[in-house]
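S.K.: okay, here's the prediction I keep looking at, along with the sequence it came from:
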Amino acid sequence: MRHRWKSVFLRWAPALREAGGNPRAGQEAIEIHTALGLVAAGLGFTVVGASVAAVDRNDVAVVPLKTQATLVAVTRVGDASSAVREFVAALALPGPRP
């Protein structure tokens, strides 16, 4: 396993075990479609957001994980765009929580 992915693996391994998996580092993919293809080929698993899990595929199983992830917004340094400011402000508004 490459060093840069070790922290990601260690972060998700307990949740995967709780869901009945036996995570081991093997193949790695950067692109989500590649990762899903590796899973479909029987070469591992991947952790994805709910929006990716909603993609209609009949060759992979989606197993909900009981975990909370921290998300961040990323913007360009010094971006003065009102659209960016409004979007980031909207993200901080209270709303429905899972």
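M.R.: Yes, it's here. Numbering: from 1, shown residues only.

S.K.: can you point me to the longest helix in the protein?
M.R.: helix 3-18 (DSSP state H).

S.K.: would you mark the buried spots in it?
M.R.: 9, 12-13, 15-16 (16 or more other CB atoms under 10 Å). All C-beta atoms are positioned from the backbone trio N, CA, C, and that covers glycine.

S.K.: please identify the helix or strand for the residue positioned nearest the centre of the chain.
M.R.: With distances taken as CA atoms, centre = their mean, the residue of the chain nearest its centroid is residue 48 (3.4 Å). Under DSSP states H and E, no helix or strand contains residue 48.

S.K.: so for it, what's the pLDDT?
M.R.: In this model, residue 48 is scored at 83, pLDDT.

S.K.: what's the distance between the residue lying closest to residue 18 once chain neighbours are set aside and residue 12?
M.R.: Closest residue to residue 18 apart from its sequence neighbours, by CB to CB, 6 or more residues apart in numbering: residue 66 at 6.5 Å. Per CB to CB, to the nearest Å, residue 66 is found 12 Å from residue 12.

S.K.: and the longest helix of the chain, how far out from the chain's middle?
M.R.: Offset of helix 3-18 from its chain centre (CA atoms, centre = their mean, to the nearest Å): 12 Å.

S.K.: with stretch 18-25 instead?
M.R.: On CA atoms, centre = their mean, the centre of stretch 18-25 falls 16 Å from that of its chain.

S.K.: now that stretch: average pLDDT?
M.R.: pLDDT averaged over stretch 18-25 gives 76.

S.K.: again, but for stretch 70-89
M.R.: For stretch 70-89, the per-residue pLDDT averages 82.

S.K.: just the terminal-to-terminal distance for that stretch.
M.R.: 17 Å (CA to CA, to the nearest Å).

S.K.: if I look at the closest residue in space to residue 64 that isn't next to it in sequence, how far off is residue 65?
M.R.: Nearest in space to residue 64, with sequence neighbours left out and distances taken as CB to CB, 6+ apart, is residue 19 at 7.6 Å. Applying CB to CB, the value for residue 19 to residue 65 is 6 Å.
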